[in-house]
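J.: Give me coordinates for this.
(one chain, ligands or ions: 1)
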Amino acid sequence: MADNGPKIIAALDFPDSEQAFRLVERLSPERCRLKVGKELFVRGGPRLVEQLAADGYDVFLDLKFHDIPNTVARACEAAADLGVWMVNLHALGGRRMMEAAREALDKRQRRPLLIGVTILTSMGSEDLKEIQLPEDPEANVLHLARLAQRAGLDGVVCSPKEVAGLRREIAGEFRRVTPGIRPAWAATDDQKRITTPSDAIRLGSDYLVIGRPITAASDPLEALRKIEEELGV
Ligand SMILES: O=c1ccn([C@@H]2O[C@H](COP(=O)(O)O)[C@@H](O)[C@H]2O)c(=O)[nH]1
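T.: Numbers count the residues shown, from 1 in each chain. Presented below is the predicted three-dimensional model:
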């Protein structure tokens with residue numbers, strides 16, 4: 001269930017605010033939403049997030065909280081204070097942790113979307129076996145997504161490869177946010193469960209999180225334009 005507005009979320013994985021703003025000033029909120037992850041947040045801090053939101057961008061604060069319920073609930077409140085559009089936590093933190101976060105955000109007049117990370121898109125069957133989880137990524141994603149929905153979350157992060165199954169199994173307003181997006185011309189990097197942008201949309205992703213195919217390109221704006229062309233937007 002995508003809200004109106006752009007489906008592309010550009011991952012601002014830069015080592016400093018200057019580099020992030022150099023790209024952002026060539027974008028617009030009508031063209032894409034923005035994701036601030038751990039690297040940029042640790043470097044740029046909360047003020048950078050507030051600035052992006054003040055500039056009119058929908059900001060996904062991708063800090064993937066994973067801690068005891070009280071700590072995660074308070075962290076989600078702090079994220080909401082920054083005016084972000086979306087915040088996330090690891091569904092592997094469990095139902096009580098997710099419920100605590102949802103309850104804390106529900107006390108607010110306006111709250112960000114609360115999204116659960118299922119199985120990281122960098123993980124394949126071998127990685128799951130190593131940590132003694134069932135080897136099938138899709139089975140894990142579905143299980144965690146069901147748990148997240150029961151805990152009142154607004155959606156999940158998963159790979160586009162699991163989206164069709166989620167659409168079949170989980171009804172209602174439940175957003176599917178998908179990293180692991182690689183145009184045919186881009187390097188795979190450390191991602192394992194990937195599809196092209198057009199396949200992700202065809203399979204039913206609501207939002208495409210795209211980092212290095214844009215940010216590591218010699219011409220990031222041209223890379224974004226090619227992705228938009230592939231998507232027909
Ligand atoms: O399962 C996940 C959850 C989050 N991410 C984040 O998305 C971007 C993807 O960047 P690329 O450069 O396009 O690979 C990155 O910020 C990750 O932290 C993810 O990839 N997978």
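
J.: Which residue does this structure have closest to the ligand?
T.: Nearest residue of the chain to the ligand, counting by CB to the nearest ligand atom: residue 211, 2.6 Å away. Heads up, the C-betas are built off the backbone N, CA and C, glycines and all.

J.: This protein against the ligand: which residues are in contact?
T.: Counting by CB under 6 Å from any ligand atom, the chain comes close to the ligand at 11, 13, 37, 117, 120-121, 157, 179, 189, 191, 209-213.

J.: I'd like the list of those that fall within helices, please.
T.: 212-213 (DSSP state H).

J.: correct me, but residue 196 touches residue 186?
T.: No. In this structure, residue 196 is not within contact of residue 186 by CB atoms under 8 Å, at 9.0 Å.

J.: Which of those two has more residues huddled nearby?
T.: For residue 196 and residue 186, the more surrounded residue by other CB atoms under 10 Å is residue 186, and the numbers stand at 21 against 18.

J.: Quick check: closest non-adjacent residue to that one.
T.: Distances taken as CB to CB, 6 or more residues apart in numbering put residue 213 closest to residue 186, at 3.9 Å, once the chain neighbours are dropped.

J.: contacting residues for that neighbour?
T.: Contact analysis of residue 213 by CB atoms under 8 Å, 6 or more residues apart in numbering lists 181-183, 186, 223, 227.

J.: Restricted to helices, list the residues you listed.
T.: Per DSSP H, those map to helices at 223, 227.

J.: Between the contacts of residue 213, which sits nearest residue 5?
T.: Of all the contacts of residue 213, residue 5 sits closest to residue 227, with 16.3 Å by CB to CB.

J.: Give me the pLDDT for the closest residue to the closest one other than its chain neighbours.
T.: In space, and not counting its chain neighbours, residue 227 is closest to residue 197: 5.3 Å by CB to CB, 6+ apart. On pLDDT, residue 197 comes in at 98.

J.: same thing with residue 1?
T.: pLDDT, residue 1: 66.

J.: Residue 51 now?
T.: What the model reports as pLDDT for residue 51 is 98.

J.: Next secondary structure after the strand or helix carrying it?
T.: Using DSSP states H and E, residue 51 maps to helix 38-54. Downstream of helix 38-54, the next assigned helix or strand under DSSP H and E is strand 59-65.

J.: what angle separates that following strand from helix 38-54?
T.: Orientation of strand 59-65 against helix 38-54 (axes from the mean of the first three to the mean of the last three CA atoms, to 10 degrees) gives an angle of 150 degrees.

J.: okay, strand 59-65 in PDB with CA atoms only?
T.: Provided in PDB are the C-alpha atoms of strand 59-65 (Å, rounded to 0.1, in the frame of the first residue of the first chain):
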ATOM      1  CA  VAL A  59      12.900  11.100   5.500                       C
ATOM      2  CA  PHE A  60      13.200   7.400   6.300                       C
ATOM      3  CA  LEU A  61      15.400   7.200   9.400                       C
ATOM      4  CA  ASP A  62      17.000   3.800   8.900                       C
ATOM      5  CA  LEU A  63      18.600   3.100  12.200                       C
ATOM      6  CA  LYS A  64      17.100  -0.400  12.600                       C
ATOM      7  CA  PHE A  65      16.600  -0.300  16.300                       C
END
